[in-house]
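# Pasting a predicted model and its sequence here:
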Amino acid sequence: NGLWLGQCPPELQGLRYVEQLLVARNRHSYCVAQVMRGKQRYLTANAIIFGQPVAHMYSILPPPRKDIEQCLAILFVGTAKPTSEDIKRTPFIVRHAVVMRALQWLKLNHPDYYNIEVSQARMEEYSEEEPPVGVVYRERDATSGENLAVNQTEINHAVENGECSFVVHGLCGSEFADMTYDQKLRYAVRYFDNGGKALYYGHERKPQ
């Protein structure tokens, strides 16, 4: 149908969600992510994406770390606060080498990136050990009916080892664009707690 753009280059493959934010020239969405820890070490991550007006185009990438707080919030749900190992398994840890390689490729090969400045100083603002935004902990009783084990989507995609799965919920509409930060966060919490439907994006080499 004429929409195929070709194979994704190796430099852009495997970018984590937060790394995609760092290579994007504009911000067109706001994400509230929830990481849930179930029984043992099983983790799964869910995200609600709110569409929002594009504020401006960046001429220097990555963006300042403070700007990421305007498009990302992270919740962690479990019977105990997340450990450093839990955090490292989420898709919200930045790998400097991966981001810089992607930006250099885009600058050389993408017409919208040819005149951007790739800033090593900006890159150094991001830790490789923790997310670029604070993690809000929400305690949940292991026997609660809202626990990870009772949600079939989360059962299917939760993993015990390695990077946790990532389930995306997309929301659009003018009513979401006008919400404040706190309103979006409250809406997301209610949506997660009420078992909102999810759209799962896999990372297989071939389309499923």
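In hand now; what should we look at? Numbering: from 1, shown residues only.

# Could I get the full set of helices for the chain?
17-23, 65-68, 84-88, 96-109, 120-123, 152-157, 174-177, 181-193 (DSSP state H).

# By mean pLDDT, show me the worst of those helices.
Note on those: lowest mean pLDDT is at helix 152-157, with a mean of 48.

# residue contacts, residue 104?
Residue 104 sits next to 11, 118 when contact means C-beta atoms under 8 Å, 6 or more residues apart in numbering. Bear in mind the C-beta positions are built from the backbone N, C-alpha and C, glycine included.

# try 10 Å
Neighbour list for residue 104: 11, 113, 118 [criterion: C-beta atoms under 10 Å, 6 or more residues apart in numbering].

# Not counting its neighbours along the chain, what's nearest the second one?
Okay, so that is residue 113. In this structure, residue 113 finds its nearest non-sequential neighbour in residue 106, 4.1 Å apart by C-beta to C-beta, 6 or more residues apart in numbering.

# Enumerate every residue touching the one you found.
9, 11-12, 23-25, 61, 112-114, 116, 118.

# Kindly recompute the last result at 8 Å.
Residue 106 touches 12, 23, 113, 116, counting by C-beta under 8 Å, 6+ apart.

# Equivalent analysis for residue 108, please.
Residue 108 neighbours (C-beta under 8 Å, 6+ apart): residue 114.

# Swap in 10 Å and give it another go.
11, 114.

# Check the spacing between it and residue 33 real quick.
Plainly put, residue 108 is 31 Å away from residue 33 if you go by C-beta to C-beta, to the nearest Å.

# go on, residue 85?
18 Å.

# Residue 72 now?
7 Å.

# same deal with residue 26?
For residue 26 relative to residue 33 (C-beta to C-beta), the value is 20 Å.

# Please tell me the pLDDT value assigned to the residue nearest to residue 56 when sequence neighbours are not counted.
Once flanking residues are discounted, residue 56 sits nearest to residue 26: 7.1 Å by C-beta to C-beta, 6+ apart. pLDDT recorded at residue 26 is 87.

# where does this protein dip in pLDDT?
1-6, 38-41, 51-55, 141-181, 183-185, 187-208 (pLDDT under 70).

# for it, what spans make up the strands?
Ranges of strands in the chain, per DSSP state E, are 29-37, 43-51, 60-61, 72-78, 117-118, 135-139, 165-171, 199-200.

# Output those strands as JSON lines; include the columns distance to residue 124.
Listed next are the strands of the chain as JSON lines, based on distance: least, C-beta to C-beta, whole Å:
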{"stretch": "strand 29-37", "distance to residue 124": "23"}
{"stretch": "strand 43-51", "distance to residue 124": "26"}
{"stretch": "strand 60-61", "distance to residue 124": "14"}
{"stretch": "strand 72-78", "distance to residue 124": "19"}
{"stretch": "strand 117-118", "distance to residue 124": "13"}
{"stretch": "strand 135-139", "distance to residue 124": "21"}
{"stretch": "strand 165-171", "distance to residue 124": "26"}
{"stretch": "strand 199-200", "distance to residue 124": "34"}
